[in-house]
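Engineer: Predicted model follows, preceded by the sequence.
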Amino acid sequence: AQKVTQAQTEISVVEKEDVTLDCVYETRDTTYYLFWYKQPPSGELVFLIRRNSFDEQNEISGRYSWNFQKSTSSFNFTITASQVVDSAVYFCALSELNTGGFKTIFGAGTRLFVKA
Amino acid sequence: DVKVTQSSRYLVKRTGEKVFLECVQDMDHENMFWYRQDPGLGLRLIYFSYDVKMKEKGDIPEGYSVSREKKERFSLILESASTNQTSMYLCASSFQTYEQYFGPGTRLTVT
């Protein structure tokens, strides 16, 4: 069965620290997508990145980077030089293309506090 | 930019009332979803729709129904609201199984 685990419930860092949010997934499908979403205090989930199962290249976007490793079924998210505006709940998610239909499974989320 | 709008940000209803939550998207997405979000429980899928007039139950459909008469609009209906349906309700839309775009959410309180 598909499952997404975000073991870190809450993380607290001081501004300018680097922080990594962990995501481990389980799937029997060979074709799937992985996602990260951000939910700031305002409440609206915002899509950050999509990765398909055939593309293990790491991705960098400004201060954000993502490390996808199929060997460990992980899709970790690193924020470099964190800022107060990064404070939010971050969700990792999985969609299976062959067996999952239209459903996306979300992890429980990691709440990140960035203190000034 | 994809825009998903929800009819209300905050709603207060009484137990037993029929409640309608409306969601509209402007990107011609075929898929639409309703989730509820509760502290410690993450996002739980209530219903989704992959086409007009089509619907599928999610993980927690009990006490809810949905309607999709037009592609851009997906409604969540609480037939008889109960206090355990007090929650944040999130609507989303997507193209195929790609990323979902979420509305701002409706915080529903049932008293």
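Structural biologist: Great, that's in hand.
Engineer: The helix or strand hosting B:R44: partners in the sheet, and parallel or antiparallel?
Structural biologist: Using DSSP states H and E, B:R44 sits in strand B:42-51. Here strand B:42-51 has these sheet partners by DSSP bridges: strand B:31-38 (antiparallel), strand B:54-57 (antiparallel).
Engineer: just those: most buried one?
Structural biologist: Neighbour counts (mean count of other Cβ atoms under 10 Å in any protein chain shown) averaged over each of the strands paired with strand B:42-51 peak at strand B:31-38, with a mean of 23. No exception for glycine: its C-beta is placed from N, CA and C like everyone else's.
Engineer: Show residues contacting that strand.
Structural biologist: A:102, B:21, B:23, B:25, B:43-50, B:58, B:60, B:64, B:66, B:68, B:74, B:76, B:87-96, B:100, B:105 (Cβ atoms under 8 Å, 6 or more residues apart in numbering or on different chains).
Engineer: Within range of chain B, give me the residues from chain A.
Structural biologist: Taking Cβ under 8 Å from any Cβ of the partner chain as the contact definition, chain A meets chain B at A:33, A:35, A:37, A:42-47, A:50, A:91, A:95, A:97, A:100-104, A:106-109.
Engineer: How much space separates the residue most central in space within chain B from B:R73?
Structural biologist: Nearest to the mean C-alpha position of chain B, by Cα atoms, centre = their mean, lies B:W34 at 3.1 Å. Between B:W34 and B:R73 the computed distance is 12 Å (Cβ to Cβ, to the nearest Å).
Engineer: Overlap in contacts, these two.
Structural biologist: B:C23.
Engineer: for chain B, which spans come out with low pLDDT?
Structural biologist: Scanning chain B for pLDDT under 70 picks out the ranges B:1-2.
Engineer: Would you mind listing what in it touches chain A?
Structural biologist: Close to chain A, as judged by Cβ under 8 Å from any Cβ, chain B has residues B:31, B:40-43, B:45, B:48, B:50, B:56, B:58, B:88, B:90, B:92, B:94, B:97-105, B:107.
Engineer: Any quick ChimeraX command for the buried ones out of those residues?
Structural biologist: Filtering the residues of chain B next to chain A down to the buried ones (16 or more other Cβ atoms under 10 Å in any protein chain shown) takes a single ChimeraX command:
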select /B:31,42,43,45,48,50,58,90,92,94,97,98,99,100,101,102,103,104,105,107
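Engineer: start to end distance for stretch A:24-36?
Structural biologist: Taking Cα to Cα, to the nearest Å, stretch A:24-36 runs 12 Å from one end to the other.
Engineer: Pull the residues that contact it.
Structural biologist: So stretch A:24-36 is in contact with A:1-5, A:7, A:23, A:47-54, A:66, A:68, A:72-75, A:77, A:90-100, A:104, B:97-99, going by Cβ under 8 Å, 6+ apart.
Engineer: Show me which of the residues you listed are buried.
Structural biologist: A:2, A:4, A:23, A:47-51, A:53, A:66, A:68, A:73-75, A:77, A:90-96, A:100, A:104, B:97-99.
Engineer: Show me the strands in chain A, by range?
Structural biologist: A:3-5, A:10-14, A:19-21, A:24-26, A:32-39, A:46-52, A:59-61, A:64-69, A:74-79, A:88-96, A:104-106, A:110-115 (DSSP state E).
Engineer: mind listing what's buried in the fourth one?
Structural biologist: When you say that, I think you mean strand A:24-26. Buried-residue list, strand A:24-26, by 16+ other Cβ under 10 Å: A:24-25.
Engineer: now that strand: mean pLDDT?
Structural biologist: Across strand A:24-26, the average pLDDT comes to 97.
Engineer: centre of the chain versus that strand, how much separation?
Structural biologist: Mean-position distance between strand A:24-26 and its chain equals 11 Å (Cα atoms, centre = their mean, to the nearest Å).
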